[in-house]
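**Student:** I would like the atomic coordinates for the input below:
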Amino acid sequence: MERLFNMTQFTKRIFLYFLCFIFSVSSFSSVWAAPEWPSSASAQAEGAILMDADTGTVLWGQNIHQQYFPASITKILTALVVIENCDLDEIVTFSHNAVYNVEENSSSAGISVGDKLSVKDCLYALLLKSANESANALAEHVAGTTEDFADMMNVKAKELGCTNSHFANPSGLNNPEHYTSAYDMALITKAAFKNPVFKEIDSTTYYKLPPNAGNPDGVHISPGHRMMKKNDSFYYPGVIGGKTGYTTLAGNTLVTFAEKNDLKLITVILKGSKPQYWTDTRGLLDFGFENFVSLKAAEYEKTYNGITNDLNFSSLSISKPEALILDPDSRIILPKTAVFSDAVPELSYDISSGDPEGAIAKINYRYNDRVVGCTFLEVNQALLQTNEEKPAPQTPLSFEEPASPSASDDYRERALRPFEIPLTAWLILGSVALIAALGGIISFLIYRKHREEQEFLIRREQRMRRLQDSGISADEFNSIMAQRRSTSPRKRRGRRGGKIKF
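**Tutor:** Okay, here's the model as predicted:
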C-alpha cells in the first residue's frame, strides 16, 4: 500500500510539473505575441482620461477614479436625462427659483421669470451658453424640483456604471455633495453622444434663441468649447462637441468628443487650469489618433465560423455557419502596431437587455490585461423569413474578405490573414496529450499492482480457510514448506533456470 501511495504522489507531481510548463510557455508566448499598449501620453491636470467612445476602453488615464468637482460639465448628464424624459416641443416656464437660485455672475442666457421656451431651446441654452437658469427650469419641468431631478441624475449615472459620482443639482454649481470622476464622466459622455438629439445640439456652433422679455430680438449663442471653432487658435479638426466648466473649487474642467478615421475619442479634464486644459486635451487626442485603430469585428473575426449542431433558436436548427451572423456594427480598439488576431476572443452566453435584439451569444475581446471591445452572434433573420422579398445583405460568418474595409489598407493587409492555430495552442495541446498518455500508463500500472495485491490477499484467505478445515495450523504449514524448500533438489535446478513446482 505504501508503494501504491508513492506511485500516486509521483503521478500528481508529474502532472503539476506539466501544468507549470504549460502556463510558463503560454505566459511567455503571450508576452511576445502582442505589442505593448501605448502609454506615452501625459496631462498636467490632476484628473484626466482618454476613452474610446465605441467600446468604453480606457486608452490612457490619470487618477481616473479620483473624485473631483465637475462644474458645468454636469450639464451633459442634465441634458441626457431631460432628452430621455420629455419631448423637445414641450413648453418650459421659468420660475423665480429657476432664474435666481444661481450663483452671482454665473453663466446665463438672459432669460427672465415668466419666460416660456421650448425644451429644445432650453437645451441649446444649456449646452451652448451653459445657462444655469435653463438647467434649473428644465429640472423643474421634468421632475417638479431641482432636488428631485438630482435624484433622477443619480439613478441615470448608476445605470451607466458610475461608481464615484453624486449629483446634487442640474447645473454643477459648488456643493460638497456634488462630485464625479474622470472615468464616470467619460461614461456619461459616451452615453450622451450615442443619443442623436444630444449630439445634434451639442455639435452646433451657432444658434439663435427666440425673443423673450429681456431680449426682444432674441439671443445669439455659440459653444464655449474653443476647439470646435475654426477661427480659434485651439481649433482641432475632428472635434464634434463637448462642454466646458469652471468654479473656484473645481478649477477648469473640460469634456471633448472627437472623431477621425472611424475612431471616436472622449477626453475628460478635471481640476485643470486655463489655457493648459486645451493643451492637455490636444495632446490626448493626438496620442489617441496616432496610436490606435478602431475595427469592425465582423470584418475580421474568423474563429467563430460555426456553431454546435444541438443549438436551436426559434425552431431553427443552428447547424450551418450561415445560420448566425456577427453584429455588423460592433467594434474593437487596438494599437496600430497590433493585428486583429492579437485580441483574444472569449465566448459568453451572458446576454443582457441592452444587447442587440436577436443576440444569442457575446464575444468579448481581450488584449493582454484589458477588454478592448465585443461583438454579438445573432440569428440570421434571413433564414426565418418566409416571404419572397430578399432581406438586406448582412455580414455572414465566413472566410471571405469584406468588400468595403473601414480600416486602412496597410492595416488590413497585416490583420486579415487566414485563421491559424498559434504555436502556443499546439504546445498546450501536445502537452495535454502527453499528460493524458502518461497518466493512462501510470494509472494502468497502479491498477494492475493493486489488483495483484488484492488477488494475493484472496488466495491467502482461501489457503488459511483450507488449513483450518484440515486441522493444520498456519505455523505448522509454514514449517513444513520451509523444510521442503531447503531439501528439494528442484529448487537448486530452478536457480539454474528450471521451473520450480510444488
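
**Student:** doesn't residue 243 make contact with residue 228?
**Tutor:** No: using Cβ atoms under 8 Å, residue 228 is not in contact with residue 243, being 10.8 Å away. Bear in mind the C-beta positions are built from the backbone N, C-alpha and C, glycine included.

**Student:** neighbour-wise, which of the two wins?
**Tutor:** residue 243 (29 against 23; other Cβ atoms under 10 Å).

**Student:** Distance check, that one against residue 54.
**Tutor:** In this view, residue 243 and residue 54 are 20 Å apart by Cβ to Cβ, to the nearest Å.

**Student:** Please enumerate the helices of the chain.
**Tutor:** 2-33, 75-85, 96-100, 119-128, 132-143, 146-159, 182-193, 196-202, 276-291, 409-415, 423-470, 474-487, 489-495 (DSSP state H).

**Student:** Least confident of those helices, on average?
**Tutor:** In terms of average pLDDT, helix 489-495 trails the rest of the helices of the chain, at a mean of 42.

**Student:** ok, now which ones touch residue 107?
**Tutor:** Contacts were defined as Cβ atoms under 8 Å, 6 or more residues apart in numbering; by that measure residue 107 touches 72, 129, 130, 131, 132.

**Student:** Report how many residues lie close to the first one.
**Tutor:** Read it as residue 72. That count, for residue 72 with other Cβ under 10 Å as the rule, works out to 27.

**Student:** Could you do the second one as well?
**Tutor:** Residue 129: 22 surrounding residues under other Cβ under 10 Å.

**Student:** same deal with the third one?
**Tutor:** Taking other Cβ under 10 Å as the neighbour definition, residue 130 ends up with a count of 27.

**Student:** Now for it: which residues touch it?
**Tutor:** 72, 75, 107, 224, 243, 244, 245 are the contacts of residue 130 under Cβ under 8 Å, 6+ apart.

**Student:** ok, so of those residues, who is nearest residue 217?
**Tutor:** residue 107 (20.5 Å; Cβ to Cβ).

**Student:** distance of the closest one from residue 265?
**Tutor:** In terms of Cβ to Cβ, residue 107 sits 26 Å off from residue 265.

**Student:** do residue 248 as well
**Tutor:** When residue 248 is compared with residue 265 (using Cβ to Cβ), they lie 29 Å apart.

**Student:** higher neighbour count, these two?
**Tutor:** Each of residue 248 and residue 265 has its neighbours counted (other Cβ under 10 Å); residue 265 has more, 26 against 8.

**Student:** per-residue pLDDT, the more buried one?
**Tutor:** 98.

**Student:** ok, and the closest non-adjacent residue to it?
**Tutor:** residue 288 (4.6 Å; Cβ to Cβ, 6 or more residues apart in numbering).

**Student:** give the contact list for the one you found.
**Tutor:** Contacts of residue 288 by Cβ under 8 Å, 6+ apart are 50, 52, 59, 60, 263, 265.

**Student:** Just the ones of the residues you listed in strands?
**Tutor:** In strands, defined here by DSSP state E, the members of these are 50, 52, 59, 60, 263, 265.

**Student:** okay, among those, which ones form the most distant pair?
**Tutor:** Going by Cβ to Cβ, the pair spanning these furthest: 60 and 263, at 14.0 Å.

**Student:** coming back round to it: distance-wise, check the residue nearest to residue 265 relative to residue 64.
**Tutor:** 15 Å.

**Student:** Contact partners for residue 175?
**Tutor:** Per Cβ under 8 Å, 6+ apart, neighbours of residue 175: 168, 169.

**Student:** measure it to residue 65 for me?
**Tutor:** Distance, residue 175 to residue 65, using Cβ to Cβ: 20 Å.

**Student:** Next: residue 107.
**Tutor:** 28 Å.

**Student:** same check, this time on residue 258
**Tutor:** Counting by Cβ to Cβ - residue 258 and residue 65 are separated by 23 Å.

**Student:** Which one of these two is surrounded by more residues?
**Tutor:** residue 258 (24 against 13).

**Student:** I'd guessed that one sits against residue 264; true?
**Tutor:** Yes: counting by Cβ under 8 Å, residue 264 is a contact partner of residue 258 at 7.4 Å.

**Student:** Which of the contacts of residue 107 fall within strands?
**Tutor:** Checking these against strands, none of them qualifies (DSSP E).

**Student:** Closest one of those to residue 457?
**Tutor:** For the contacts of residue 107, the closest approach to residue 457 (Cβ to Cβ) belongs to residue 72, at 87.2 Å.

**Student:** Isn't that closest one up against residue 171?
**Tutor:** Yes: judged on Cβ under 8 Å, residue 72 makes contact with residue 171 at a distance of 6.9 Å.

**Student:** list the contacts for the nearest residue to residue 164 once chain neighbours are set aside?
**Tutor:** Leaving aside its sequence neighbours, residue 164 sits nearest to residue 181 (Cβ to Cβ, 6+ apart; 4.0 Å). Applying Cβ under 8 Å, 6+ apart to residue 181 gives the contacts 47, 64, 65, 66, 67, 68, 162, 164, 165, 270.
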